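Trainee: could you look at this predicted model? Sequence included:
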Amino acid sequence: MRERFSFPIRYEDADMRAAVNAFVWRALFRDKPLRALLPLALIALSCAGLAVAGDGEDAMMLFIGATALLAIFVAGGWRMQQRMMREKVERARGHLSSATLFDEGVVIDAGGAAPLLPWKSIAAVWPGERVWLLITATNHFVALPVERASKEALDFLTTKVAQASRS
């Protein structure tokens, strides 16, 4: 395994909260807006149909119930992501954290086990101002603080992820 780049990273609470917020907003609304807006449109259409048919009370109950369930689902997922990120920040506190980029993948050593994350496991890279999100699944990401990373290291990372996703 050949090391290409290594840089120190620092997990800050505010940056990690911003990373989770960016992930949730982008995953829910920006990348696939139809998937987020279609259920809302179906709820509105169902409620309108009930109201036109003379079941205004049922329409209101359906609207309130469906909206409450959606709000609970979104808020619950958001809080789960925030809690997991807080735990990671706590583990990294007081630890000299680093990211090492290899030809085969990336290792993020942040106070816990630091296994190699192969490039093929990263579906996408969502660049941010201070933290990049390495998307590994629909509802999972790895936050990578990039303040101290060189431009060459970041270019290498995006190139490797792009190459892996094509193969």
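Mentor: Looks like it came in fine.

Trainee: for A153, which non-adjacent residue is closest in space?
Mentor: F5 (3.7 Å; Cβ to Cβ, 6 or more residues apart in numbering). All C-beta spots, glycine's among them, are computed from the backbone N, C-alpha and C.

Trainee: the one you found in helix, strand or coil?
Mentor: strand (DSSP: H, G, I helix; E, B strand; the rest coil).

Trainee: tally of neighbours for it?
Mentor: Residues lying near F5 (other Cβ atoms under 10 Å) number 17.

Trainee: number the residues from 6 up from this point.
Mentor: Got it, first residue is 6 now, which makes that one F10.

Trainee: could you confirm E134 falls within a helix?
Mentor: No: counting by three-state DSSP, E134 falls outside a helix, being coil.

Trainee: can you report how many residues neighbour it?
Mentor: Using other Cβ under 10 Å: E134 sits among 10 other residues.

Trainee: and for L138?
Mentor: Residues near L138, counting by other Cβ under 10 Å: 21.

Trainee: ok, it - contacts?
Mentor: By Cβ atoms under 8 Å, 6 or more residues apart in numbering, L138 lies in contact with A24, A27, F28, V130, W131, F146, V147, A148, L149.

Trainee: helices and strands around the host helix or strand of F28, which ones?
Mentor: If you go by DSSP states H and E, F28 is part of helix 18-30. Counting contacts by 3 or more Cβ pairs under 8 Å, 6 or more residues apart in numbering; DSSP states H and E, helix 18-30 is packed against helix 61-97, strand 136-142, strand 145-150.

Trainee: where in the chain is pLDDT low?
Mentor: For the chain, the stretches with pLDDT under 70 are 36, 96-100, 118.
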